[in-house]
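K.L.:
structure, please.
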Amino acid sequence: MGTLFEAKGMLFVIAYAIGNIFFLETTNYIEHYGLLRVKDRNGLYESISMKHSWNAPQKYSNYLFFKLQRHSDHHTNLYKPY
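P.N.:
Numbering: from 1, shown residues only. As a prediction, this is how the structure comes out:
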């Protein structure tokens with residue numbers, strides 16, 4: 001009986017980890033690349049700025065995501081201490 005719970009527990013941990021990796025990588029994509037960037041004549045995308053990134057400065061999301069949702073600020077203010 002012990003190995004049955006161990007197997008179910010391991011499957012739960014693996015599924016939970018996969019779900020979290022998907023969530024964090026999706027958030028990372030939106031934060032760094034935004035939803036739309038225009039290509040210039042050379043075929044290069046325009047530089048990332050605040051308008052391309054997702055920010056949500058609400059108090060509860062700051063606590064829940066450890067200020068992850070304010071991430072794009074460090075791309076526009078490279079030398080700002082955090």
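K.L.:
please make it C-alpha for all contacts and neighbour counts, starting now.
P.N.:
Noted.
K.L.:
tell me how many other residues crowd residue 3.
P.N.:
The number of residues packed near residue 3 is 8, by other Cα atoms under 10 Å.
K.L.:
next one: it relative to residue 37, how far apart?
P.N.:
According to Cα to Cα, to the nearest Å, residue 3 and residue 37 sit 51 Å apart.
K.L.:
cool, residue 51 as well?
P.N.:
10 Å.
K.L.:
which of those two has more residues huddled nearby?
P.N.:
Between residue 51 and residue 37, residue 37 has the larger neighbour count (other Cα under 10 Å), namely 15 against 11.
K.L.:
surely that one meets residue 43?
P.N.:
No: counting by Cα atoms under 8 Å, residue 37 stays clear of residue 43, with 11.5 Å between them.
K.L.:
what are the ranges of the helices in this protein?
P.N.:
2-33, 59-65, 73-76 (DSSP state H).
K.L.:
which of these sits most buried?
P.N.:
Across those, the average number of neighbours (mean count of other Cα atoms under 10 Å) peaks for helix 73-76, which reaches a mean of 14.
K.L.:
average pLDDT for that helix, rounded please.
P.N.:
The pLDDT scores in helix 73-76 average 68.
K.L.:
if we can go back for a sec, now render the helices of the chain as TSV, adding distance to residue 47.
P.N.:
Listed next are the helices of the chain as TSV, based on distance: least, Cα to Cα, whole Å:
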stretch	distance to residue 47
helix 2-33	10
helix 59-65	26
helix 73-76	10
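K.L.:
point out where this protein drops to low pLDDT.
P.N.:
Residues of the chain that meet the criterion pLDDT under 70 lie in 1-2, 4, 31-35, 48, 50, 52-55, 67-76, 78, 81-82.
K.L.:
one more time with 50
P.N.:
Applying pLDDT under 50 to the chain flags no residue at all.
K.L.:
keeping just the C-alphas, turn stretch 6-22 into CSV.
P.N.:
What follows is stretch 6-22 as a C-alpha-only set of coordinates in CSV (Å, rounded to 0.1, in the frame of the first residue of the first chain):
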residue,chain,number,x,y,z
GLU,A,6,4.4,7.0,-3.3
ALA,A,7,3.6,6.5,-7.0
LYS,A,8,0.5,8.8,-6.8
GLY,A,9,2.5,11.4,-4.9
MET,A,10,5.3,11.3,-7.4
LEU,A,11,2.9,11.7,-10.3
PHE,A,12,1.2,14.6,-8.5
VAL,A,13,4.6,16.3,-8.0
ILE,A,14,5.6,15.8,-11.6
ALA,A,15,2.3,17.2,-12.9
TYR,A,16,2.5,20.1,-10.5
ALA,A,17,6.0,20.9,-11.7
ILE,A,18,5.1,20.7,-15.4
GLY,A,19,2.1,23.1,-14.7
ASN,A,20,4.3,25.6,-12.9
ILE,A,21,7.0,25.5,-15.6
PHE,A,22,4.4,26.2,-18.3
